[in-house]
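Student: Below: sequence and its predicted model.
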Amino acid sequence: MTLDLTKAYHTASIHSVPKDGSELPLMEAFYTIQGEGANTGTAAYFIRLGGCDVGCHWCDVKESWDAELHPLTEVAAIVEQADAFPGKTVVITGGEPLLYNLHPLTSQLQERGIRTMIETSGAYPVSGTWDWVCLSPKKFKAPDASVYPFADELKVIIFNRSDFKWAEEHAARVGEKCALYLQPEWSKAHEIMPLLVEYVKLHPKWRVSLQAHKYMDIP
Ligand SMILES: C[S@@+](CC[C@H](N)C(=O)[O-])C[C@H]1O[C@@H](n2cnc3c(N)ncnc32)[C@H](O)[C@@H]1O
Ligand SMILES: Nc1nc2[nH]cc(C(=O)O)c2c(=O)[nH]1
Ligand code: SF4
Ligand SMILES: [Mg+2]
């Protein structure tokens, strides 16, 4: 598959993040339990990159949006720290990680035998090499068409009834093997859960994803 790199990592220059991907704006990194989607319950080291222009009004990490607030950090140092943990699985999240050139980060992780996973809205084309791609499309800035074939998992956030239709539109665009998840928006979870449960019972190709880390009270 050929990638259209003309649209990739387009804001890198605005945020003076080097386009070669050697340094990235690092908001935080922490070793925890994956709380969402297909890999829920497994140990993983999360690397959260700053910068996002998608603007979900219910985003649970708005502090990540302004890349300038997060220090440019050498990829080699990020990788070194990740390798200190026994999980040997790294989840790159944000912010929107696909704003940046992720080739050096993923290749250096994989050279050390660390699995690479990404949480992305898909708003920008894929860079880097991935063992697992979680695509979570957003109405506020729809995915780039090139991203759908990379999705191992589609995770749609349900905030209101109209999001079920939106979820089906995206399910029609991912590959046959892509696992399908519906995840309640956290602040509406109590209200939306009965609808979500009924929807999955009627449309069993979908599974429920909860933000298990929030119930476990861990990062
Ligand atoms: C903070 S985002 C960062 C990665 C990327 N920007 C994205 O949206 O996929 C990580 C995951 O959290 C989900 N998420 C964010 N806010 C949420 C909320 N209030 N309730 C449920 N899921 C949420 C996103 O849909 C995404 O799957
Ligand atoms: N434990 C835990 N699991 C997660 N899965 C996706 C997360 C994210 O913010 O991308 C996340 C997170 O922030 N914490
Ligand atoms: S795309 Fe992700 S980081 Fe950006 S606003 Fe939406 S949920 Fe938050
Ligand atoms: Mg989170």
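Tutor: Right, received. Where do you want to start? Ligands and ions are numbered 1, 2, ... in the order given.

Student: all contacts plus neighbour counts: C-alpha atoms, from now on.
Tutor: Will do.

Student: And the helices in the protein, which stretches?
Tutor: Here the chain has its helices, by DSSP state H, at 75-82, 103-111, 162-171, 189-202, 212-216.

Student: any chance of the ones you listed in CSV, plus distance to Asn39 and mean neighbour count?
Tutor: Shown next, in CSV, are those (distance: least, Cα to Cα, whole Å; neighbours: other Cα atoms under 10 Å):
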stretch, distance to Asn39, mean neighbour count
helix 75-82, 18, 17
helix 103-111, 18, 19
helix 162-171, 19, 16
helix 189-202, 19, 14
helix 212-216, 11, 12
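
Student: Among the ones you listed, which comes closest to ligand 3?
Tutor: helix 162-171 (14.6 Å; Cα to the nearest ligand atom).

Student: Can you give the contact residues for that closest one?
Tutor: With contacts defined as Cα atoms under 8 Å, 6 or more residues apart in numbering, helix 162-171 is touched by Pro137, Leu154, Val156, Ile157, Ile158, Leu180, Leu182.

Student: now with 6 Å?
Tutor: With contacts defined as Cα atoms under 6 Å, 6 or more residues apart in numbering, helix 162-171 is touched by Val156.

Student: Stretch 121-140 now?
Tutor: With contact meaning Cα under 6 Å, 6+ apart, stretch 121-140 is reached by 8, 54, 98, 101-103, 106, 116-120, 142-144, 147, 151-156.

Student: Keep only those of those residues that are in strands.
Tutor: Among the contacts of stretch 121-140, the subset assigned to strands under DSSP state E consists of Thr116, Met117, Ile118, Glu119, Thr120, Glu153, Leu154, Lys155, Val156.

Student: Rebuild those residues as JSON lines, extending it with distance to ligand 1.
Tutor: Shown next, in JSON lines, are the ones in strands among the contacts of stretch 121-140 (distance: Cα to the nearest ligand atom, whole Å):
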{"residue": "Thr116", "distance to ligand 1": "14"}
{"residue": "Met117", "distance to ligand 1": "11"}
{"residue": "Ile118", "distance to ligand 1": "8"}
{"residue": "Glu119", "distance to ligand 1": "5"}
{"residue": "Thr120", "distance to ligand 1": "4"}
{"residue": "Glu153", "distance to ligand 1": "10"}
{"residue": "Leu154", "distance to ligand 1": "9"}
{"residue": "Lys155", "distance to ligand 1": "6"}
{"residue": "Val156", "distance to ligand 1": "7"}
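
Student: who wins for neighbours among the residues you listed?
Tutor: Highest neighbour count within the ones in strands among the contacts of stretch 121-140: Lys155, with 29 neighbours (other Cα atoms under 10 Å).

Student: Now the longest strand along the chain: buried residues?
Tutor: The residue-count maximum for a strand in the chain (DSSP E) belongs to strand 23-33. For strand 23-33, the neighbour count (16 or more other Cα atoms under 10 Å) marks Glu23, Leu24, Pro25, Leu26, Met27, Ala29, Phe30, Tyr31, Thr32, Ile33 as buried.

Student: Closest one of those residues to Gly94?
Tutor: Nearest to Gly94 among these: Met27, at 8.0 Å, using Cα to Cα.

Student: Just the terminal-to-terminal distance for stretch 44-64.
Tutor: End-to-end distance for stretch 44-64, by Cα to Cα, to the nearest Å: 20 Å.
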